[in-house]
Structure formats: C-alpha cells, structure tokens
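Peer 1: take this sequence and fold it.
(one chain, ligands or ions: 1)
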Amino acid sequence: MTGELSAQVSPSELGYEGALRPGSLEEFVGQAKVRRQMRLLLDAAQIQQRTPDHILLAGPPGLGKTTLSMIVAAELDKPLHQTSGPAIQHAGDLAAVLSALTPGEVLFIDEIHRMARSAEEMLYLAMEDFKIDIMVGKGAGATSIPLELSPFTLVGATTRAGLLPNPLRDRFGFTAHLEFYAEDELESVVRRAARLLRFDIAAGGIEEIAGRSRGTPRIANRLLRRVRDYSLVHEVPGDTESVRAALALYDVDEHGLDRLDREVLRAVVERFGGGPVGLSTLAVSVGEEAETIESVVEPFLVRAGLMTRTPRGRVATRLGWEHTGIPVPDAL
Ligand SMILES: Nc1ncnc2c1ncn2[C@@H]1O[C@H](COP(=O)(O)OP(=O)(O)OP(=O)(O)O)[C@@H](O)[C@H]1O
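Peer 2: Purely as a prediction, here's the structure:
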C-alpha cells in the first residue's frame, strides 16, 4: 500500500506499535463483546487446567488482531510463536513450526487464509488431535510417520474469513468478529497512546484525530504520531488547530480519507461514470493490489456511505459523488 498513513505496518513502525500495545484484556479498548467472550474462554480453560480452544480473529487490518493474540499468550502466561500464512508455503514449513511448540504455547498465524492448501490439511489434524503425519520418501516407497505434538492454542487472524475452507473454520472453538471502533473508543485509544508517549494533547485535538481515524486504532496511533511531530517541530500545543494543520499536510481529510481512498473514489466516479466497476479493473486503474482495495479501502468507503458493493461491481453513492466535488448526475 502506498499511502503514508495506511493501515499496513512497516518494520520501522514496529517499535512504536509495540510500545502502544495493550498488555491485557482490561487494557484493550472497545470490542466489549469480544473481550467478554474471550475472558470466558480463557477462564474456563484455566479452571479445567487445559489449553483454551483455538481462536479465529476476523476483521479488517489494524483493529487489534495481533494485539489480541499477544494478550491471549500473556493471560495464559505462555510464550507466543508468531508466523503468517504466506510464510507457510509447504506442509513441511508448518510441521517445523508445530513440532517446535512447547506445552501450552500460543501459535499465532496471521493472514491464515493465505496458507498453502497442503499445510491446511496438516493443520486440521494438529488442531483436533495435537498430532501430525510426516511423509517420508516419495512415490511407492513413501510412508507417513505420526508425530505427537505438545498441546497448543492456535490463534488465527484473517481479513477474509470467507476465504477459509469450512473444515478449517469449523476447528476454531471461537471466532471473534472485530468491528470498526466507535469514535468515543478511538478517543480512548488516542488518550491512552498520548499518555504513554507523554504528549500533552487537548481534548479537541483528541476528538479531531478520532474523527479521522476510520474506526481503526492503528490509524489513530499513526495520526497521533504525525501530530506529535508537528507540535514538536513547530513548538505549538497539541490542539485542534495543530491537528488540522498536521493532517492536512499528510493529505488526511476531515472524514479520514487518505490519498488512496480518494483516488479509488475518484476513479469510480470519473473513469467509470460512478460504476458499477469490477474490483480488478478498479485496482489496475489506481495501480494498487486488489487485496489492498478490498480489505483496506473498500470496507471504509462502504461504511462511510461513499460507495456500495453490488453483484455487478462497485458503485459510488450520491455522498461519494459529492465528496469528489464532481457534479452529481440527476439520475442519482
Ligand atoms: N483495542 C485497542 N486498544 C488500544 N490500542 C489498540 C487496540 N487495538 C489495536 N490497538 C493498537 O493499534 C495498533 C495495531 O494493532 P494490531 O497490530 O493488533 O492490529 P491487527 O488487527 O493485527 O492488524 P493487522 O491484521 O494488519 O496486523 C497497535 O499498535 C495497537 O497498540
């Protein structure tokens, strides 16, 4: 993704992200239902002295899936092993990870929908019975050797729950659907992060950032960082005015749309007459990956009422047209 304030994490941001991650379910802001569901799951497992059921976290990027996986490990007081779907290209990659787990360890697989099919089948057995079959040799002489694994808890994260095959989805004891955050929740996220960063920001500034964060804590934290830079360099207080000036500099508008969001909306309106336009055509026309458009840009534009998804493609709404400043056709 190209936008400076995108929801993707870059390695240089990891230290910053890490410092702001809540360490317990109680510290985790919002998602009240998910927190209650998770608390029950963890407490029940603790009473029964067993590993908790496997957990699937589904939702758009930046809403706290990685953070929640870390919280699960911290609550269980067990190590966390992190990997991702794209890193598991063969069943052997998964076998190596699974066989190295220690008893009770939490395994986090980000983007689990992108794992190789051959590894998925191995994972079914591992999740259900804590064992795997390792194939040795090739052709007629091939044999499978069963391998017992330590009991573990899998936390899978996906932005595309619909892409997971049913047998895999069914093996998770609990699926948490993370929702975009309400504005007051984002204000709490920003207030908490500002406190941790020792940045003195006024209530008006916090509101302004929350209103432009697209319902996403990661974006709220990132906007806060830009505002803090601005306030530091220009020696101005973190008030509404400096938030507006800082975010204007980074092309984040008053609705939280960044450059890529506006490009996508503009393309639908200007190049495709408001739509319908198919996802891949749209992606090519803005020079971005279809997956980024589908999982990052589109959920926000749809939620903001600027675009709709129809079976024939993406369509700009009246509000979407108005946002681009291009005259709205009478038919709308
Ligand atoms: N509920 C929350 N309360 C406070 N901070 C949060 C919350 N959720 C996320 N954050 C902050 O937002 C940032 C992004 O969170 P995280 O990396 O967990 O998102 P994610 O859903 O895993 O995204 P991705 O799937 O793209 O990796 C972290 O720095 C974290 O501190």
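
Peer 1: what's the local residue count around the closest residue to Glu254 other than its chain neighbours?
Peer 2: The spatially closest residue to Glu254, leaving aside those adjacent along the chain, is Arg212, at 6.7 Å (C-beta to C-beta, 6 or more residues apart in numbering). Placement of C-beta: from N, CA and C, glycine included. Using other C-beta atoms under 10 Å, Arg212 is surrounded by 22 other residues.

Peer 1: residue contacts, Arg212?
Peer 2: By C-beta atoms under 8 Å, 6 or more residues apart in numbering, the contact list for Arg212 reads 223, 247, 252-256.

Peer 1: please report the distance of the residue positioned nearest the centre of the chain from the ligand.
Peer 2: Central residue of the chain (C-alpha atoms, centre = their mean): Pro61, 2.1 Å from the mean position. Distance, Pro61 to the ligand, by C-beta to the nearest ligand atom, to the nearest Å: 3 Å.

Peer 1: assign that residue to helix, strand or coil.
Peer 2: coil (DSSP: H, G, I helix; E, B strand; the rest coil).

Peer 1: test my guess that it contacts Glu294.
Peer 2: No. Taking contacts as C-beta atoms under 8 Å, Pro61 lies outside contact range of Glu294: 11.3 Å.

Peer 1: quick one on the thing from earlier: for the contacts of Arg212, which one is nearest the ligand?
Peer 2: Leu223 (11.6 Å; C-beta to the nearest ligand atom).

Peer 1: my guess is the closest one meets Ala248, correct?
Peer 2: No. In this structure, Leu223 is not within contact of Ala248 by C-beta under 8 Å, at 11.9 Å.

Peer 1: which of those two has more neighbours?
Peer 2: Shown here are Leu223 and Ala248; by other C-beta under 10 Å, Leu223 has more neighbours (26 against 11).

Peer 1: which pLDDT value goes with Tyr16?
Peer 2: Per-residue pLDDT puts Tyr16 at 63.

Peer 1: please give the element, helix or strand, for Pro52.
Peer 2: Counting by DSSP states H and E, no helix or strand carries Pro52.

Peer 1: pull the contacting residues for it.
Peer 2: Here Pro52 is in contact with 41-42, 44-45, 72, 76, 153, 173 (C-beta under 8 Å, 6+ apart).

Peer 1: hey, C-alpha coordinates of the helix or strand that contains Val72 in PDB?
Peer 2: Using DSSP H and E, Val72 falls within helix 65-76. The C-alpha trace of helix 65-76 is given here as PDB (Å, rounded to 0.1, in the frame of the first residue of the first chain):
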ATOM      1  CA  LYS A  65      -5.800  -8.900  15.900                       C
ATOM      2  CA  THR A  66      -2.100  -9.200  16.600                       C
ATOM      3  CA  THR A  67      -2.500  -7.400  19.900                       C
ATOM      4  CA  LEU A  68      -5.200  -9.800  21.000                       C
ATOM      5  CA  SER A  69      -3.000 -12.800  20.200                       C
ATOM      6  CA  MET A  70      -0.300 -11.300  22.400                       C
ATOM      7  CA  ILE A  71      -2.900 -10.800  25.100                       C
ATOM      8  CA  VAL A  72      -4.000 -14.400  24.900                       C
ATOM      9  CA  ALA A  73      -0.400 -15.600  25.500                       C
ATOM     10  CA  ALA A  74       0.100 -13.000  28.300                       C
ATOM     11  CA  GLU A  75      -3.100 -14.100  30.000                       C
ATOM     12  CA  LEU A  76      -2.100 -17.700  29.800                       C
END
